[in-house]
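> Structure for this input, please:
(2 chains)
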Amino acid sequence: MTVLAADTWGIPGPVFLRWYLVAAVVLVVGTAVYRFRALAGTPVPDHGSLGPQQVAYLNGGDQLAVWTALGGLRRAGAVGVHPDRRLATGGPLPAGLTPLDQAVHHAASQGLRARELPRDEWVRRALDELRDGLVRRGLALDPERRRTLRRGSILLGLLLVLGVARAFVGLTNGRPAGFLLLVLVPLIVAFLLFNRVPWRTRAATTALRDLRRRHTALRPAAAPAYATYGPSATAMAVALFGTATLWTMDPGFAEQAEIQRQAMGSAGSSGSSCGGSSSCSGGSSSCGGGSSCGGGGGCGGGGCGG
Amino acid sequence: MRRMSGPSGVGIGWRPEIAGFVADLPGLRFVEVVAEAVAPAGPLPDGLTELRARDVTVVPHGVRLSLGGAEPVDPARVAHLAAVATALDAPLVSEHIAFVRAGGLEAGHLLPLPRSREAVAAVVANVRRARAELPVPLALEPIAALFDWPDDELDEADFLTEILDATDALLLLDVANVHANARNRGGDPAALLDRLPLERIAYVHVAGGAEAGGFYHDTHTDPVPAAVLDLVRELCARRRPPALLLERDGHYPPAAELRGELDALAAASGYPVVT
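Residues are numbered from 1 along each chain as shown, chains lettered A, B, ... in the order given. Now for the predicted structure:
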């Protein structure tokens, strides 16, 4: 039996630590720089050019875009709901419908339930179309770009596994691993940060904040007169402030159609803008860049109180 | 301090529910806000800040002062009204000639006074008390009533004239109320206009209402009837008030309809359209 335990995996501690550090720094800095660039996006010169459904997708993904279309159609009197929770159509179809409106209306005419809408084939296709348009404008990220972004965190995860394994083996054999453990802590933090991949760019976050400020009158807390504002503004209210708008506007419909209640955007932080959408991996991670997430949105202070 | 100009032209009652609609009226120079809905210590509601930045006149309109109460007005409520006026840089404030509480009981809404000399004295005393604490003039609004008190000593015109003569208050005339009172209690609304001190009018209220059960109800949730617009024309023919304000308090119609009401008011008064 040897008195001194051999170097773990035959590599002396200082040598491993040096190369491990180099790899960690390269990976973290590389990922951070890539993320920062990839998430910058293209600033929107005129936020008014964004339609409610585009805003909804940027704010809450597929699910919120669907609720927004449904809200606009409901305000226009084009959809209703049966007591068995199946959607129905009625009334004349309003002018200026988007492809998503048409898809949702079609799904409603087939008697789908509201929560089944995102899985409908037509709706699915309209949502992809909506997203592609936003990707082209530098506001949303396409799935491929999101996969690439995730690759950085996957590599980081592998490096973490390696480090943890070495520390575990070393400690089991009575070797010192203090420095390695010290390096692992910030690495875990970086991994957790990078593991969250938003679906919108920082330009989109800026646009959303500006739109919330511009549409404070549509906050559900103000009990907006949706009849006065009309279907388009009502849809924008759903897009910016979540389905709480639908519950304020038409509680009977919202309840019968089983629309998930969510209030969002009131604090302006992106954390709250992640409602029930399953694709909500992002949101707060768009804060990674730091500056893009300060301040609070359109509803600071006492403006919300009334 | 820059004091904004008095109410002018056609305005609309600012309510949070339609703040976005009001903000989009390009020609708007004047709105009114329910004073009790504003907390002068905190930040103003977003929409009002925006209007003030556009130099739109904002007049606080009190509903809870109970100027017609037998007991003195609550100093805290007067102080609140004064603070709101300062926060909004308002050129004047308005309140109702009515009582909302008596003997410590809150009625929850505006109740009409008997038109007696005693009531005149009570109102005058309260107006003077309030005026002493207010930084700006006070405009008084008579309210609608479905019935006359049995012991009325004065008619509507004398009642108002006596109160105005004894104070420096301005008059906030509600044209829909004039119509409602004439319709429900009998009398000629035009004749009332002839006897009121029209030169004391700061601005007028115009609101919608509906006939129900043989009475005209000043609901503020229905369109302005043609008869009320006719009365606006009658008033403007005698002496055009500096400003007219559309009051709407619920059941808000589509924007086009609301704009139509404002345009009708502009047409009846001859003021420029604000939409």
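
> Please make it C-alpha for all contacts and neighbour counts, starting now.
Fine.

> Can you give me the neighbour number for residue B:48?
Close neighbours of residue B:48, defined as other Cα atoms under 10 Å in any protein chain shown, add up to 24.

> number of nearby residues for residue A:13?
Other residues within reach of residue A:13, judged by other Cα under 10 Å, total 18.

> hang on, it packs against residue A:20?
No - if you go by Cα atoms under 8 Å, residue A:13 and residue A:20 don't touch, sitting 10.2 Å apart.

> residue boundaries of the strands in the stretch 51-200 of chain A?
Here the stretch 51-200 of chain A has its strands, by DSSP state E, counting those that start in this stretch, at A:79-81, A:87-89.

> for those, which one sits closest to chain B?
Chain B lies closest, by Cα to the nearest Cα, to one member of the strands of the stretch 51-200 of chain A: strand A:79-81, at 18.9 Å.

> And for the closest one, what's in contact with it?
Residues outside strand A:79-81 that contact it (Cα atoms under 8 Å, 6 or more residues apart in numbering or on different chains) are A:70, A:73-74, A:87-91, A:105, A:108, A:253, A:256-257.

> cutoff 7 Å now
Residues outside strand A:79-81 that contact it (Cα atoms under 7 Å, 6 or more residues apart in numbering or on different chains) are A:73-74, A:87-90, A:253, A:256-257.

> and the closest residue to residue A:239 other than its chain neighbours, what does it touch?
Distances taken as Cα to Cα, 6 or more residues apart in numbering or on different chains place residue A:56 nearest to residue A:239, at 4.0 Å, with adjacent residues excluded. Residue A:56 makes contact with A:64-65, A:68, A:239-240, according to Cα under 7 Å, 6+ apart.

> Filter the residues you listed down to the buried ones.
Neighbour counting over the contacts of residue A:56 (16 or more other Cα atoms under 10 Å in any protein chain shown) leaves A:64-65, A:68, A:239-240 as the buried ones.

> Pipe these into TSV and attach pLDDT per row.
Shown next, in TSV, are the buried ones among the contacts of residue A:56 (pLDDT from 0 to 100):
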residue	pLDDT
A:64	94
A:65	94
A:68	94
A:239	91
A:240	93
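
> Which members of these are the farthest-apart pair?
Greatest spacing in these, by Cα to Cα: A:65 and A:240 (10.4 Å).

> Test my guess that residue B:218 contacts residue B:206.
No - counting by Cα atoms under 7 Å, residue B:218 does not reach residue B:206; the two are 10.0 Å apart.

> picking that back up, now, among the buried ones among the contacts of residue A:56, which is nearest to chain B?
residue A:240 (14.7 Å).

> helix or strand for residue B:96, which one?
strand B:93-97 (DSSP states H and E).

> What is that strand packed up against?
strand B:57-61, strand B:138-142 (3 or more Cα pairs under 7 Å, 6 or more residues apart in numbering or on different chains; DSSP states H and E).

> now for the last one, which elements pack on it?
Looking back up the chat, that one is strand B:138-142. Other elements packing on strand B:138-142 under the criterion 3+ Cα pairs under 7 Å, 6+ apart are strand B:93-97, strand B:170-174.

> repeat that for 10 Å
Applying 3 or more Cα pairs under 10 Å, 6 or more residues apart in numbering or on different chains; DSSP states H and E, one finds that strand B:138-142 makes contact with strand B:57-61, strand B:93-97, helix B:117-133, helix B:156-166, strand B:170-174, helix B:175-185, strand B:201-207.

> what's the angle between that strand and strand B:57-61?
Per axes from the mean of the first three to the mean of the last three Cα atoms, to 10 degrees, the angle that strand B:138-142 makes with strand B:57-61 is 60 degrees.

> rewinding a little: give me the common contacts of residue B:218 and residue B:206.
Taking Cα atoms under 10 Å, 6 or more residues apart in numbering or on different chains as the contact rule, residue B:218 and residue B:206 both touch B:176-177, B:224.

> joint contacts of residue A:65 and residue A:240?
What both residue A:65 and residue A:240 touch, as defined by Cα under 10 Å, 6+ apart, is the set A:52-53, A:55-59.

> for those residues, which one is nearest residue A:33?
Relative to residue A:33, the closest of the shared contacts of residue A:65 and residue A:240 is residue A:58; by Cα to Cα it sits at 22.8 Å.

> show me the contacts for the closest one.
Contacts for residue A:58 (Cα under 10 Å, 6+ apart) come out as A:52, A:64-65, A:131, A:134, A:139-141, A:198-201, A:204-205, A:207-208, A:239-240, A:273, A:283.

> Which pLDDT does the model give residue 263?
Let's take chain A. We have a pLDDT of 71 for residue A:263.

> let's do chain B instead
Note on residue B:263: pLDDT of 96.

> That one is in what secondary structure piece?
Residue-wise, residue B:263 maps onto helix B:255-269 under DSSP H and E.

> Please apply the same query to residue B:52.
Following DSSP H and E, the helix or strand that holds residue B:52 is helix B:46-53.

> what does that helix contact?
A:213-217, A:298-300, A:302-304, B:4, B:14-16, B:18-20, B:22-23, B:28-31, B:33, B:38, B:43-44, B:54-58, B:88-90.

> Selecting buried members of those residues in ChimeraX, what would you type?
Those of the contacts of helix B:46-53 that count as buried under 16+ other Cα under 10 Å are selected in ChimeraX with:
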select /A:213,215,216,217,298,299,300,303,304 /B:4,14,15,16,18,19,20,22,23,28,29,30,31,33,38,43,44,56,57,58,88,89,90
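
> Which ones among the contacts of helix B:46-53 lie within strands?
If you go by DSSP state E, these have B:14, B:30-31, B:33, B:57-58 in strands.

> for those, which one is nearest chain A?
residue B:14 (11.6 Å).

> dump the residue contacts of the nearest residue to the closest one once chain neighbours are set aside.
Closest residue in space to residue B:14, ignoring its immediate chain neighbours: residue B:33 at 5.3 Å, by Cα to Cα, 6+ apart. Applying Cα under 10 Å, 6+ apart, we find residue B:33 in contact with B:12-16, B:48, B:58-62, B:84, B:88, B:93.

> and if you look at residue B:24?
For residue B:24, the contact set (Cα under 10 Å, 6+ apart) comprises B:274-275.

> pLDDT below threshold where in the stretch 151-275 of chain B?
Within the stretch 151-275 of chain B, no stretch has pLDDT under 70.

> Give me every residue in it lying close to chain A.
Neighbours of chain A within the stretch 151-275 of chain B, by Cα under 10 Å from any Cα of the partner chain: B:250-258.

> between those, which has the most around it?
Counting by other Cα under 10 Å, top hit in those: residue B:252 with 21 neighbours.

> what sits against that one?
Here residue B:252 is in contact with A:224-229, B:17-18, B:220-223, B:258 (criterion: Cα under 10 Å, 6+ apart).

> and what of residue B:261?
Residue B:261 neighbours (Cα under 10 Å, 6+ apart): B:207-208, B:223-225, B:229, B:246, B:255, B:267.

> What of residue B:177?
B:141-145, B:183, B:189, B:205-209, B:216-218, B:228.
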